[in-house]
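# Have a look at this prediction, sequence included:
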Amino acid sequence: MNWARISSVAFDLTIWLYLGAMVLSFAYLAVRAEALRVTALAVAIAGVAANLVSIVARGLAADRVPWGNMFEYSTVLAFLVVAGTIVLVEGAAKIKTLTGFALMFAVLTLAIAAMFFPVAPSPLQPALNSYWIKIHVVAAITGSSLFAIGGIATILFLVKDRSERRALASGGPPPAPIMGGAVELDAPHDLLSDPEDPGISTPEPKRGGVLPSAAALDRVAYRVIAFAFPIWTFAVIAGGIWAQEAWGRYWGWDPKETWSFVTWTIFAGYLHARSTAGWKGRRAAVIAVVGFVSLLITYYAVNLWIVGLHSYKLG
Amino acid sequence: MTTSSAPSVRRSVAMVWRSLRSMRTALILLLVLAAGAVIGSLLPQIPNSPERVGRYLADHGLWGPLFLRAGFFDVYGSWWFVLITTLLFVSLAACLLPRTRALLRGLRQRPVQAREVDGFRHFAEVTVDSGPEPAASAAERLLRRRWYRVAREGTSVAAEKGLFRETGSLLFHWAFFLLLVGVIVGKGTGFTGRAVVTEGETFVDARPNYAGQLRTGRYFGGGFTGVGLELVDFEDRYRRNGQPVDFVSRVRFLDPEGRPAGTEAIRVNHPAEVEGLRFFQEGFGWAPVVDATIDGEPLWSSPIEMTRDQAPPDVPATAMPWRGAIKLTAPEPDVMVTLELWPDYRAFATSQFTGRPVPMLVQFDPYIRYAVHVGELRDPSRASTDTTGLRRVGGGDLHAADTSTFDVPGLGSLELSFSELRQYSVFLVSRDVGIPLVLAAGILVLVGLIPALFVSRRKVWIRAEGLAGGTRLKVGGFALQRKDSFEEEFDRIVQGLGGADAAVRPHERVGTP
Ligand code: HEM
């Protein structure tokens, strides 16, 4: 078997493993049997391993870094989203219920790549053969994967927050006032409130329900997005350096540049909203979801439908 | 303006200023800016693709003119985009000035002692054997070792850390002003242009040589360097499947007096810089050298930079022939010879006999078909191959190193000799002195952003009170961000104060304020 073949077999295997892990994760959400969760995790880790093999083998087949076209970006994105969720969300933040949704995102990403931009491993075009593009792309995919995890967590937050509100409305204790802008009693009043404060009405996480508490989802979403933001910023800067070298201008408002700027601005808006009285909680979450949609447009629509210097999907 | 309205003007200015100072305004401006950029990416833009704007206007009788009026076809240059950006920067300054002043004050001030230590979110008591003085000194040392700024008053200690958060945030935000300066200075005083140079020829940096392909900034002083660039050789290499591998122009620079000033290889992603001018590899093409004489009188002798026909769908661009023209204005009437170049004769022959397009990646027995037109030339520029107003009187063909003669009725014998086929290279030339500033701004943005997001502010107070045979240390503290990780740090401080076996009475106040 040559490397190209290994890569393609590992790619197919990855999809199946992710799909299996996804089904197991959702089954865990339904019945909450710890054995199911552990099995799902094991299958997902096997999928991550297969995904990694697929990426590395592709690099060996083409004799270059394996992130040179849309198909390859998607493979790396799926890898980072699943691995990132396992390490950051399930591992560090101890939220066990996001993994199924992250796997769903990864399966969709891989399926779209296989359907719409399959390309055999091949060398890069001269324009893409630069030191900076490698850095730029790594940062952009890493940032994207983290924004995606944050986006998924935020969508789930909105769903959960709504159901918690409903539960409160029908007989629970009266909701606390919105905390937006609240400052702790013992903190000097000229300081801004903590962006990590969820600023949502539910006073105490309630047990039960399919998802973790809204407050926990909100916190993990904020942390992941705050982590992604500097990485994305760096990706945009590295892209500018590359554009300067390749095209003689660091910024030209081409569609890809414009949309990465839009995505950046929306997430900057999100970070501000987290520190703005009255914008915490649901409003900030809506901004993050808009940012997530903008990210998907940056990633897919620009490459597929809007032409620009960046449209090298066939490269 | 009447005198009575002055205070109300002042009041409304103050109101605008106050609303610009609010974070909510900045947030909304940011989102509106994003929405504006979205419009710019969905509609064709005049600076990038004027012909698509024209087509859009023709196709959308209703919306087109409305969008045009609103500046939607030149979003990034439109008055409203500039206005939003300006407001954002004013808002930024309005936010930053007081915050910067407060930070400078905070940096100078020492941490302030608390009146009551036990009112804070985290509180613990530790008893140790030493006296209050040494216990307070030990506490001070412990906090300094943990990078706190510490103030001591008798046996009370106040400490804080995390001013980096605000410092980083301010650095990050101020860096946008540097970015703005870099962009305005760079684009304003600079220019971009396009240089077309055939192998063996020299391009000189001077206004007329950019042949209409020049965009100068608003404050461009008009100074061109007179530096020369001689294209020694251009090379394009491909894989067997036709995929490009490398494009490289080997050039020799000449100073304004024409003396050699070094050689460079310019490739894609590898520009060359000389005297603040940067040359980027942008394109290339074929330039046959053809001499034309009429009745033995030389009228034309130079390379002709050809352009390639637009390829139909499913035909590789490299399979298309190249076109150019020789324009002779000396004879009466004018003569124009349009040329069709096939750099590879085999491709021409194959496509003639089988209709199958064949990519032409190297020159192989280059072949030219030509047509002769007479009449009055409308457009004498070298680039245009437009023959309207001219009458075609015939044509012929020739291979490299051939000569072909054609009798132009009423004028004489036109002799064309195709001596060689060279390549030309297209360079984007730009001067932008703002680039170092923009790069510095980018670096400062990143350097500021990381502490702005990840450092948290924490405060700790310790008071040592003498007991019989020892000291009671009261420890209080809180964090403004990352409260959960402060919990651990607080525990560790308390343990550090008393040692593992000290009597610790931790106590945490919970609940929202
Ligand atoms: C040019 C566009 C701007 C961008 C890209 C931007 C970006 C950011 C970012 C990324 C943060 C960090 C968020 C955090 O610490 O949680 C931040 C914080 C902040 N920004 Fe901006 N900002 C911009 C404009 C402004 C303006 C115009 C103001 C003034 C109204 C402002 C006021 C603040 C404040 C007060 C913070 C501190 C929030 C905190 O520490 O939690 N920003 N900004």
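On my side now, so go ahead.

# report the longest helix in the chain, please.
Just so you know, I chose chain A. Secondary structure of chain A read by DSSP state H shows that its longest helix is helix A:131-169.

# I was thinking of chain B, sorry if that wasn't clear
Within chain B, and with DSSP H defining each element, the longest helix by residue count is helix B:79-108.

# close to chain A, is it?
Yes: for a cut-off given as CB under 8 Å from any CB of the partner chain, helix B:79-108 has contacts with chain A, namely B:A102. No exception for glycine: its C-beta is placed from N, CA and C like everyone else's.

# How about the contacts made by the most centrally placed residue in chain A?
Among the residues of chain A, the one closest to the centroid is A:A148, at 1.7 Å (CA atoms, centre = their mean). Under the criterion of CB atoms under 8 Å, 6 or more residues apart in numbering or on different chains, the contact partners of A:A148 comprise A:77, A:81, A:102, A:105, A:292, A:295.

# can you tell me which residues contact B:F224?
Each residue near B:F224 by CB under 8 Å, 6+ apart is listed here: B:205-207.

# out of those residues, which are buried?
B:D205 (16 or more other CB atoms under 10 Å in any protein chain shown).

# Between the contacts of B:F224, which has the least confident prediction?
Ranked by pLDDT, the contacts of B:F224 bottom out at B:R207 (83).

# my guess is that residue contacts B:L214, does it?
Yes: counting by CB atoms under 8 Å, B:L214 is a contact partner of B:R207 at 7.0 Å.

# what is the mean pLDDT for stretch B:323-331?
88.

# Next: stretch B:412-422.
Summarised as a single mean, pLDDT over stretch B:412-422 is 91.

# What of stretch A:284-294?
Here stretch A:284-294 scores 93 as its mean pLDDT.

# Would you mind marking which of the contacts of A:A148 are also close to the ligand?
Checked against the ligand using CB under 6 Å from any ligand atom, those give no members in range.

# so which of the residues you listed is the most crowded?
Counting neighbours by other CB atoms under 10 Å in any protein chain shown, A:A102 leads the contacts of A:A148 with 28 neighbours.

# can I assume that one sits in a helix?
Yes: under DSSP: H, G, I helix; E, B strand; the rest coil, A:A102 falls within a helix.

# Against chain B, how distant is it?
Per CB to the nearest CB, to the nearest Å, A:A102 is found 23 Å from chain B.

# how much space between A:V9 and chain B?
A:V9 sits 24 Å away from chain B, going by CB to the nearest CB.

# Next, please give the residue ranges for the helices of the chain.
Went with chain A since none was named. Remark: helices of chain A, listed N- to C-terminal, are A:3-31, A:34-62, A:70-84, A:99-116, A:131-169, A:214-247, A:255-274, A:282-296, A:302-304; assignment by DSSP H.

# Chain B was what I was after
Here chain B has its helices, by DSSP H, at B:5-20, B:23-42, B:50-59, B:63-69, B:79-108, B:132-145, B:163-189, B:345-354, B:435-454, B:483-498.

# which bits of chain B sit near the ligand?
Applying the criterion CB under 6 Å from any ligand atom, the portion of chain B that neighbours the ligand consists of B:23, B:26, B:30, B:88, B:91-92, B:95, B:169, B:173, B:176, B:452-453.

# are any of the residues you listed buried, and which?
Neighbour counting over these (16+ other CB under 10 Å) leaves B:23, B:26, B:30, B:88, B:91-92, B:95, B:169, B:173, B:176, B:452-453 as the buried ones.

# Lowest-confidence one in those?
Comparing these by pLDDT, B:M23 comes last, at 79.

# What residues does it make contact with?
Applying CB under 8 Å, 6+ apart, we find B:M23 in contact with A:272, A:275-276, B:95.

# Check A:I237 too.
With contact taken as CB under 8 Å, 6+ apart, A:I237 is in contact with B:442-443, B:445-446.

# I figured B:R239 was touching B:L361, is that so?
No: counting by CB under 8 Å, B:L361 is not a contact partner of B:R239; they are 9.6 Å apart.

# Who has more neighbours out of those two?
Set side by side, B:R239 and B:L361 show more neighbours around B:L361, with 19 against 11, by other CB under 10 Å.

# nearest spatial neighbour of the more buried one, skipping sequence neighbours?
What sits nearest to B:L361 in space, not counting adjacent residues and going by CB to CB, 6 or more residues apart in numbering or on different chains, is B:Y238, at 4.9 Å.

# I figured the one you found hits B:V245, correct?
Yes: under the criterion of CB under 8 Å, B:Y238 makes contact with B:V245 at 6.0 Å.

# Now for those two: what residues contact both?
Applying CB under 8 Å, 6+ apart, one finds that no residue jointly contacts B:Y238 and B:V245.

# export the contacts of A:I237 to CSV and tack on neighbour count, pLDDT and distance to A:I287?
Shown next, in CSV, are the contacts of A:I237 (neighbours: other CB atoms under 10 Å in any protein chain shown; pLDDT from 0 to 100; distance: CB to CB, whole Å):
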residue, neighbour count, pLDDT, distance to A:I287
B:G442, 22, 96, 24
B:I443, 13, 96, 27
B:V445, 23, 96, 21
B:L446, 17, 95, 23
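
# what's the closest of those to the ligand?
Top of the list for closeness to the ligand, among the contacts of A:I237 and by CB to the nearest ligand atom, is B:V445 at 8.5 Å.

# quick one: A:G47 from A:A10, how far?
Taking CB to CB, to the nearest Å as the measure, A:G47 falls 10 Å from A:A10.

# Which of those two has more residues huddled nearby?
A:G47 (28 against 21).

# pLDDT score assigned to the more buried one?
Among the per-residue scores, A:G47 holds a pLDDT of 91.

# Contacts for stretch A:72-82, please.
Contacts with stretch A:72-82, where a contact means CB under 8 Å, 6+ apart, come from A:11, A:14, A:18, A:44, A:47-48, A:51-52, A:54-55, A:58, A:66-67, A:102-103, A:105-107, A:109-110, A:112-113, A:117, A:137, A:141-142, A:144-146, A:148-149, A:299.

# whoops, stretch B:341-361 was the one
B:236, B:238, B:242, B:286, B:288, B:306, B:315-316, B:318-324, B:362-369, B:399, B:421.

# buried set for it?
Using 16+ other CB under 10 Å as the burial criterion, the residues of stretch B:341-361 that qualify are B:341-345, B:347-348, B:351, B:357-361.
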